[in-house]
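*Asks:* attaching a predicted model along with its sequence, questions to come.
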Amino acid sequence: MKTLVRGEKIKLSDLTALTQLQVEMNVTSSFEIDITCFGLNEEKKLLDDRYMIFYNQLQSPSNEIQLQSHRSGGGTFLIDLPKLPTSVRHLVFTATIDGNGTMGMISSGSFVIKANGESILTYSFNGNDFKNEKAIIITEIYYKDGWRISSVGRGFDGGLAALLKDFGGEVAEEQAQYAPQATPTPLPSAPSAPVNSKKILLEKKMEVQAPKILDLSKKAKVSLEKVGLQNHHAKVALCLDISGSMSGLYRSGKIQEFAERILALGTRFDDDGSIDIFLFGANGHEAGELTIDNFNGFVNQLIKRYPLEGSTYYGKVMKLIRQHYFGSASKRKQPISMEVPVYVMFVTDGSTFDEKETINHIQNSSYEPIFWQFMAIGKSNKGLKGRGFFRAFQSDFSFLEELDNLSGRYLDNADFFSVEDPQHISENELYDLLMKEYPEWVKAAADKGLIQKQFSRMEI
């Protein structure tokens, strides 16, 4: 078995002819430590976040890299080098530390490579190799006329964000030549994704502070991947009916639960961990933000600040929303363009008293980068006759259905569905419903110039 010292490099072919490897990492510390394998391109840039393998993403697209037996400070990666796409030429193994700790405080660390269960290489280190760093690159496996291994032992004061920034820089030149190895296979068909370090750090924060929201966020991600919007960026607003007929839904906690589901969608569309809240009844209200920091008990506090009201006006809050995002709620005949669109989740249990104003807002906002997703709660009375007791406890959703098919718009900017009980629909079903028409709107809005190109770039 070969023992590397810090900074040493070696050909993999000098150790084994095998290219399916097992990498075991262990960093001992009293602080929480995360280990990660980054799959970088030839310029040492992370262009596709599917090749960042860590606690929240345990495998790459074709299982070329898999993280098993994960724990704080340790874990085992399975690497199948021939399966890697040609766009991945560096596998960089790192450790980052949480809290106030530094890498100078670690007790010991080891990096072991095995082939067919037999140890072929080891590299050991300890806190004496570092000082105040929050992250370290331990070792690299990289391709340059063949696969090589380098024991790096390099630290970063800024932790994960500093690592990502460094991966956007220039790769160091190396002169040695190697015998040819098997050529890696092409990249899977899914497009490369821009890497957003803020979103990665947000997921880490959710793991600690809001695991429930993180679990919902993962379910939302599945639905977004189905429609090709896994890298889409949008602002999310939740607009809630606070008319008196909604009282039972608020008391039961069903609106709180639903709000958490929409917050989770917001964490997929944005990286700030928050969504905007708007309310409507007799009046419209801007009610601040729902965030991963304040979501516990948020709705109960909300209703204390904004008691339920005696009537329902959609148009008043739609005006507020348009003014909030676009500075105006005026009549429009020319499209306006923004880089980031707005997704509005509009929740109600009945019809509105201002149908004409609501129609005007839908038509005028069709020239703006905003999509209205209406959801009605309750049983519809459509098709029922008479005015008996049963009918009195049904809702009329015919106007919302009309909005879904409204004429006189620059493009179709609204969708509608109803549920008898928001608690009776699973998260997966809900997220699929929320993405029923929105992806087509995104495409149409981009074609018509409402949405500017969302550039594929690394955000640090």
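*Replies:* Looks like it arrived, so ask away. Numbers count the residues shown, from 1 in each chain.

*Asks:* pretty sure residue 219 is touching residue 431, no?
*Replies:* Yes - counting by CB atoms under 8 Å, residue 431 is a contact partner of residue 219 at 6.2 Å. Heads up, the C-betas are built off the backbone N, CA and C, glycines and all.

*Asks:* the two - which one has more neighbours?
*Replies:* Counted by other CB atoms under 10 Å, residue 219 and residue 431 do not tie: residue 431 has more neighbours, with 22 against 18.

*Asks:* what mean pLDDT does the helix or strand harbouring the more buried one have?
*Replies:* In the assignment (DSSP states H and E), residue 431 maps to helix 427-434. For helix 427-434, the mean per-residue pLDDT is 96.

*Asks:* may I have it as PDB, with CA atoms only?
*Replies:* Only the C-alpha atoms of helix 427-434 are listed here, as PDB (Å, rounded to 0.1, in the frame of the first residue of the first chain):
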ATOM      1  CA  GLU A 427     -47.100  16.700  -1.100                       C
ATOM      2  CA  ASN A 428     -46.200  14.900  -4.300                       C
ATOM      3  CA  GLU A 429     -49.700  15.400  -5.800                       C
ATOM      4  CA  LEU A 430     -49.700  19.000  -4.800                       C
ATOM      5  CA  TYR A 431     -46.400  19.900  -6.300                       C
ATOM      6  CA  ASP A 432     -47.400  18.100  -9.500                       C
ATOM      7  CA  LEU A 433     -50.600  20.100  -9.700                       C
ATOM      8  CA  LEU A 434     -48.700  23.400  -9.100                       C
END
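
*Asks:* how about the strands of the stretch 201-350 of the chain, start to end?
*Replies:* Secondary structure of the stretch 201-350 of the chain (DSSP state E, counting those that start in this stretch): strands at 235-241, 274-280, 284-291, 342-348.

*Asks:* what residues does the helix or strand following the last one touch?
*Replies:* It refers to strand 342-348. Going down the chain from strand 342-348, the next helix or strand is helix 355-365, by DSSP H and E. Helix 355-365 is contacted from outside by 313-316, 318-319, 322, 329-332, 352, 372, 399, 403, 406, 408-409, 413-414, using CB atoms under 8 Å, 6 or more residues apart in numbering.

*Asks:* hmm, which of those are the buried ones?
*Replies:* For these, a neighbour count by 16 or more other CB atoms under 10 Å gives the buried set as 313-316, 318-319, 322, 329, 332, 352, 372, 399, 403, 406, 413-414.

*Asks:* ok, residue 339 touching residue 452?
*Replies:* Yes - with contact defined as CB under 8 Å, residue 339 counts as touching residue 452 (4.4 Å).

*Asks:* poorly predicted segments of this protein, please.
*Replies:* Across the chain, the ranges flagged by pLDDT under 70 are 168-197, 380-396, 453-460.

*Asks:* ok, the residue positioned nearest the centre of it - contacts?
*Replies:* Central residue of the chain (CA atoms, centre = their mean): residue 268, 2.9 Å from the mean position. In this structure, residue 268 makes contact with 217, 220-221, 224, 230, judged by CB under 8 Å, 6+ apart.

*Asks:* for the residues you listed, work out which two are farthest apart.
*Replies:* Using CB to CB, the contacts of residue 268 reach their maximum pairwise distance at 217 and 230, which is 11.9 Å.

*Asks:* which one of these two is surrounded by more residues?
*Replies:* residue 217 (22 against 18).

*Asks:* sorry, back to before: same list, the contacts of residue 268, but as JSON lines with distance to residue 437 please.
*Replies:* Shown next, in JSON lines, are those (distance: CB to CB, whole Å):
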{"residue": "217", "distance to residue 437": "22"}
{"residue": "220", "distance to residue 437": "17"}
{"residue": "221", "distance to residue 437": "19"}
{"residue": "224", "distance to residue 437": "14"}
{"residue": "230", "distance to residue 437": "18"}
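
*Asks:* who's in contact with stretch 67-74?
*Replies:* 24-29, 32-35, 37, 53-55, 58-59, 75-78, 95.

*Asks:* which of the residues you listed are buried?
*Replies:* For the contacts of stretch 67-74, a burial check counting by 16+ other CB under 10 Å picks out 24-27, 29, 33-35, 37, 53-55, 75-77, 95.

*Asks:* tell me which stretches of this structure form helices.
*Replies:* For the chain, the helices defined by DSSP state H occupy 160-166, 197-209, 211-226, 247-251, 254-269, 298-305, 314-326, 355-365, 389-392, 398-404, 427-434, 438-447.

*Asks:* JSON lines please, covering those and showing distance to residue 84.
*Replies:* Below are these laid out as JSON lines (distance: least, CB to CB, whole Å):
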{"stretch": "helix 160-166", "distance to residue 84": "20"}
{"stretch": "helix 197-209", "distance to residue 84": "21"}
{"stretch": "helix 211-226", "distance to residue 84": "21"}
{"stretch": "helix 247-251", "distance to residue 84": "50"}
{"stretch": "helix 254-269", "distance to residue 84": "27"}
{"stretch": "helix 298-305", "distance to residue 84": "44"}
{"stretch": "helix 314-326", "distance to residue 84": "43"}
{"stretch": "helix 355-365", "distance to residue 84": "46"}
{"stretch": "helix 389-392", "distance to residue 84": "63"}
{"stretch": "helix 398-404", "distance to residue 84": "46"}
{"stretch": "helix 427-434", "distance to residue 84": "31"}
{"stretch": "helix 438-447", "distance to residue 84": "30"}
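
*Asks:* closest to residue 5 out of those helices?
*Replies:* Across those, residue 5 has its closest neighbour in helix 160-166 (22.5 Å, CB to CB).

*Asks:* buried ones in the closest one, by neighbour count?
*Replies:* Using 16+ other CB under 10 Å as the test for burial, helix 160-166 gives 160-164, 166.
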